[in-house]
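Visitor: how does the following fold in three dimensions:
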Amino acid sequence: MVTILILSRGKCGLSKCATRYLVAMATADLLVIIVDLIWRHIPAVYRLEFNFMRKVPVCNIHAAVLCTVTDCSVWFTVSFTFDRYVAICCQKLKAKYCLEKTALVVLTTITVFFCLKNICWCFMYTSKYWLINQSWFCAISQSVAQSKVWGAVEFFHYLLTPCIPFVLVLLFNSLTVRYIFLTNQARRKLRRHVTGETPSDPEVENRRKSMIALYAISGNFILLWAVYMVYNIYWRMGYLGYEMVHLPVYIRELGFMLQLLGCCTNTCIYAVLQRKFREELRCLLPCSFVQMKSNEK
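Guide: From the prediction side, this is the model:
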């Protein structure tokens, strides 16, 4: 919430295009926390306290909303990664693509596509909650669980999120890092040729920090989603009769925990590395404490 507030003020020195992407990413991350952690995992852990939810017939709608916000969280990150690749590596395309209007079109298209795509979960799941900490947290008929058609639908779901994003984020960030590395080399050679020495270069240092951030984002995204993806594919294949090895329960719990963390860290990495964002955060927090004290009085 604080990240959304700071970015929305537009005082972080970012372009309007980048700000749109970051606000969308932060909003999707917040919705994942609400819909997944608060509305799904906490009731599953405290089943007795939330037993009333078994009588609330909205689980299939909950599942569709959960998949939609998770997909949007991941694909907003992919779209922003591509935007940064264009902004850094494609100077001719930058003037036409890296615009606020383009960002709005891309974000709206992604949202509408995944809203339509995840309607299928309303028909796959029933409206009854299981209140069990599984990938399928709604009751489901045995015929659907063992159906190869629905198995294909679920594999397609995991292909879109997160398999393809794995490849795209790694690809775009690798191309961006390669471009920065080659540009830095050319810049050093030019400065050495002109001045005869290689003094510290602030521009090269900023680019080096950008490279570190891009590697951190790629590694963070892949590592935090890998366990969740592997476990869910394994679990689905078990229902179809292809179980090979037994995976302990803690693998499932670890996958859930890392996946939730993976939906919330990329925005922090992008934003917190911005010096002006940190300055805005320092200004906002004291103001919030002063406001709280004045309200208490």
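
Visitor: distance of Val35 relative to Cys12?
Guide: From Val35 across to Cys12, the span is 27 Å (C-beta to C-beta, to the nearest Å). To be clear about C-beta, it is placed using only N, CA and C from the backbone, and glycine gets the same treatment.

Visitor: list the residues that contact Thr81.
Guide: For Thr81, the contacting residues are Leu168, Val169, Phe172, Asn173, Ile217, by C-beta atoms under 8 Å, 6 or more residues apart in numbering.

Visitor: go again using 10 Å as the cut-off
Guide: Counting by C-beta atoms under 10 Å, 6 or more residues apart in numbering, Thr81 touches 21, 165, 168-173, 176, 214, 217-218, 221, 266, 270.

Visitor: wait, Thr176 sits on Leu182?
Guide: No - Thr176 lies out of contact with Leu182 (C-beta atoms under 10 Å); the separation is 11.1 Å.

Visitor: those two: who's more crowded?
Guide: Set Thr176 next to Leu182 and count neighbours by other C-beta atoms under 10 Å: Thr176 wins out with 21 against 10.

Visitor: pLDDT score for that one?
Guide: Note for Thr176: predicted pLDDT of 89.

Visitor: one more: Tyr239?
Guide: According to the prediction, Tyr239 has pLDDT 65.

Visitor: quick one: the helices in the stretch 151-297 of the chain?
Guide: With helices called from DSSP state H, counting those that start in this stretch, the stretch 151-297 of the chain shows them at 164-195, 202-239, 249-272, 275-296.

Visitor: against Arg275, how distant is Ile222?
Guide: Relative to Arg275, and taking C-beta to C-beta, Ile222 is found at 27 Å.

Visitor: more neighbours: which of the two?
Guide: Per other C-beta under 10 Å, whichever of Ile222 and Arg275 has more neighbours is Ile222, with 17 against 10.

Visitor: just give the closest residue to the more buried one, not the sequence neighbours.
Guide: Excluding the flanking residues, the one nearest Ile222 by C-beta to C-beta, 6 or more residues apart in numbering is Phe166, at 5.5 Å.

Visitor: look up how far Asn173 lies from that neighbour.
Guide: Phe166 sits at a distance of 11 Å from Asn173 (criterion: C-beta to C-beta).

Visitor: where does this protein dip in pLDDT?
Guide: Scanning the chain for pLDDT under 70 picks out the ranges 191-207, 239-245, 271, 285-297.

Visitor: rewinding a little: filter the contacts of Thr81 down to the buried ones, PyMOL style.
Guide: Buried members of these, defined by 16 or more other C-beta atoms under 10 Å, are picked up in PyMOL with:
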select buried, resi 21+165+168+169+170+172+173+176+214+217+218+221+266+270
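
Visitor: and which of the contacts of Thr81 is nearest to Ala152?
Guide: For the contacts of Thr81, the minimum distance to Ala152 (C-beta to C-beta) is 19.8 Å, reached by Pro165.

Visitor: give me every residue that touches that closest one.
Guide: Neighbouring residues of Pro165 by C-beta under 10 Å, 6+ apart: Asp71, Val74, Trp75, Thr77, Val78, Thr81, Phe221, Ile222, Trp225.

Visitor: and what of Ala216?
Guide: Residues in contact with Ala216, defined by C-beta under 10 Å, 6+ apart, are Asn173, Thr265, Asn266, Ile269, Leu273.

Visitor: may I see the buried residues of the helix or strand Thr102 falls within?
Guide: In the assignment (DSSP states H and E), Thr102 maps to helix 100-117. Across helix 100-117, burial judged by 16+ other C-beta under 10 Å covers Ala103, Val106, Leu107, Ile110, Thr111, Phe114, Lys117.

Visitor: same question for stretch 69-76.
Guide: Val69, Thr70, Asp71, Cys72, Ser73, Val74, Trp75, Phe76.

Visitor: tell me how far the residue nearest to Leu93 when sequence neighbours are not counted lies from Cys12.
Guide: Excluding the flanking residues, the one nearest Leu93 by C-beta to C-beta, 6+ apart is Val86, at 5.4 Å. Distance, Val86 to Cys12, using C-beta to C-beta: 20 Å.

Visitor: just Leu131 next, same as before
Guide: Separation of Leu131 from Cys12 (C-beta to C-beta): 42 Å.
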